[in-house]
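# Predicted model, plus sequence, below.
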Amino acid sequence: MSISRQNLTVIIVSFMSENVIHDCISSIPKDIKIVVVDNSNNKSFKNEIEKKYNNVRCILSENNIGMGAGNNYGLSEIDTDFGFILNPDVLLKDETIDEIIRASKKIDTFSIISPIMENENYPNYKLSEEDDFTNKKDEPFKVKSVDGFAMLLNLSRLNKLENFRNKKYFDENIFLYLENDDLCKRVIENNENIYIIPKSKIKHLGAKAVDKKYEYQIELSRNWHWVWSKFYYNKKHFGFSFALLNGLPVFLSAIAKVLFYFFINKKKKQIYLQRCRGYLNALFGKKSFYRPKINI
């Protein structure tokens with residue numbers, strides 16, 4: 001089954017993203033359906049966005065459920081065979097969708113395909129050791145994972161795999177970070193293919209999805225969840241000992257920086273303290289419970 005604009009829905013998980021999401025939506029062709037899952041449960045945002053765009057449906061989550069669960073929620077609400085996961089701070093180029101559609105017709109099978117970052121210095125994919133695309137820079141090439149801010153899922157194919165028949169594509173234990181790596185790893189382990197489409201370009205603003213006035217609280221959250229998610233991911237796929245040893249240098253470094261900044265920079269002290277807390281909570285099997293302290 002090939003991709004078409006009629007058989008594709010874009011999923012955008014937002015949280016206090018009013019400053020960037022309009023540019024993202026405006027870059028998507030108007031004949032493609034969009035589902036926005038808003039984790040800030042903002043009714044006025046829902047009314048505004050649905051009134052402004054005829055092709056957008058906004059779903060409010062009662063709580064801030066994170067990226068993985070938010071993407072699953074959005075995907076559960078669509079009836080198309082393909083779901084295109086986008087962050088609200090991603091911009092599509094004029095030919096992004098059309099190049100994906102054209103390229104998909106050249107590929108025998110795929111579970112995930114992705115456009116490529118406009119800035120080649122920041123690749124949005126990882127290659128395995130045996131991958132080689134040196135002479136195929138204009139043709140789709142296989143990778144072992146793609147970044148979660150822009151990834152198109154072949155739902156009709158994934159749903160046939162035992163691991164995805166419950167339609168929980170992303171691991172909902174992960175609130176933020178590495179939920180895309182976890183999905184890609186499980187896809188590869190099922191002998192499925194992931195492709196990058198070099199002619200399909202995107203621009204990712206990077207860490208701009210949340211309004212800048214909440215920057216410090218979001219930074220605290222990022223540092224907690226990055227360390228927690230890395231430990232959880234490593235424990236899930238490689239075992240407890242590997243996760244412990246892999247995360248230990250970051251934990252020890254964070255402790256040293258907490259002590260260094262203790263009296264001279266309160267904000268930096270708190271950031272590194274969050275890294276310590278994320279590691280310890282993951283170490284003792286605690287859930288990814290931390291949420292940015294933002295009054296909505």
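All right, it came through fine.
# Going by C-alpha atoms from here, please, whenever you check contacts or count neighbours.
OK.
# Which neighbouring elements make contact with the top strand by length along the chain?
In the chain, ranked by residue count with DSSP state E as the criterion, the top strand is strand 194-204. Counting contacts by 3 or more C-alpha pairs under 8 Å, 6 or more residues apart in numbering; DSSP states H and E, the secondary-structure elements packed against strand 194-204 are strand 90-92, helix 96-104, strand 112-117, strand 141-142, strand 145-146.
# Could you list the buried residues of the second one?
If you call a residue buried by 16 or more other C-alpha atoms under 10 Å, then helix 96-104 has these buried ones: 96, 97, 98, 99, 100, 101, 102, 103, 104.
# Pick the one among those closest to residue 186.
Out of the buried residues of helix 96-104, the one with the shortest distance to residue 186 is residue 104. That distance is 21.2 Å, counting by C-alpha to C-alpha.
# distance of the closest one from residue 171?
26 Å (C-alpha to C-alpha, to the nearest Å).
# do the same with residue 95
When residue 95 is compared with residue 171 (using C-alpha to C-alpha), they lie 31 Å apart.
# Looking at the helix or strand harbouring residue 185 now, give me its mean pLDDT.
In this assignment (DSSP states H and E), residue 185 forms part of helix 179-189. Helix 179-189 carries an average pLDDT of 96.
# Which residues does the longest helix that the chain contains contact?
Once the chain is assigned using DSSP state H, the helix that runs over the most residues is helix 215-238. The set of residues external to helix 215-238 that reach it, using C-alpha atoms under 8 Å, 6 or more residues apart in numbering, is 174-178, 182, 210, 240-244, 246-247, 270-272, 274-279, 281-283, 288, 290-294.
# how close does residue 147 get to residue 266?
According to C-alpha to C-alpha, residue 147 and residue 266 sit 32 Å apart.
# Compare these two (neighbour count), which wins?
For residue 147 against residue 266, the residue with the higher neighbour count under other C-alpha atoms under 10 Å is residue 147, and the figures read 18 against 11.
# just to revisit the earlier point, which one of the buried residues of helix 96-104 is nearest residue 137?
Of all these, residue 103 has the smallest distance to residue 137: 12.9 Å, by C-alpha to C-alpha.
# Might you report the residue contacts of that closest one?
Counting by C-alpha under 8 Å, 6+ apart, residue 103 makes contact with 139, 140, 197.
# Format the residues you listed as TSV; extra columns: distance to residue 19, pLDDT and neighbour count.
Supplementary listing: the contacts of residue 103 in TSV, determined by distance: C-alpha to C-alpha, whole Å; pLDDT from 0 to 100; neighbours: other C-alpha atoms under 10 Å:
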residue	distance to residue 19	pLDDT	neighbour count
139	35	89	14
140	33	92	23
197	28	95	24
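# Now those in a markdown table, please, with extra columns for distance to residue 187.
Written out in a markdown table, the entries for these read as follows (distance: C-alpha to C-alpha, whole Å):
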| residue | distance to residue 187 |
| --- | --- |
| 139 | 21 |
| 140 | 18 |
| 197 | 18 |
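# Assign a three-state SS to residue 78, would you?
Classification of residue 78 by DSSP: H, G, I helix; E, B strand; the rest coil places it in coil.
# In this structure it contacts residue 10, no?
No - under the contact definition of C-alpha atoms under 8 Å, residue 78 does not touch residue 10, with a separation of 9.4 Å.
# Compare the two and say which is more crowded by neighbours.
With neighbours defined as other C-alpha under 10 Å, residue 78 and residue 10 compare such that residue 10 has more, 24 against 17.
# quick one: furthest residue from the center of the chain?
Among residues of the chain, the one most distant from the C-alpha centroid is residue 263; the distance is 36.0 Å, by C-alpha atoms, centre = their mean.
# For that one, give its distance to residue 179.
When C-alpha to C-alpha is the yardstick, residue 263 and residue 179 sit 36 Å from each other.
# all helices of the stretch 1-150 of the chain, in order?
21-26, 43-52, 66-76, 96-104 (DSSP state H, counting those that start in this stretch).
# returning to that earlier point: just the angle between the helix holding residue 185 and helix 66-76, please?
Using axes from the mean of the first three to the mean of the last three C-alpha atoms, to 10 degrees, the direction of helix 179-189 lies 60 degrees away from that of helix 66-76.
# how close does residue 158 get to residue 81?
10 Å.
# Check residue 125 too.
In terms of C-alpha to C-alpha, residue 125 sits 23 Å off from residue 81.
# So, low pLDDT: which residues of the stretch 151-296 of the chain?
Per-residue confidence for the stretch 151-296 of the chain (pLDDT under 70) gives these ranges: 207-209, 295-296.
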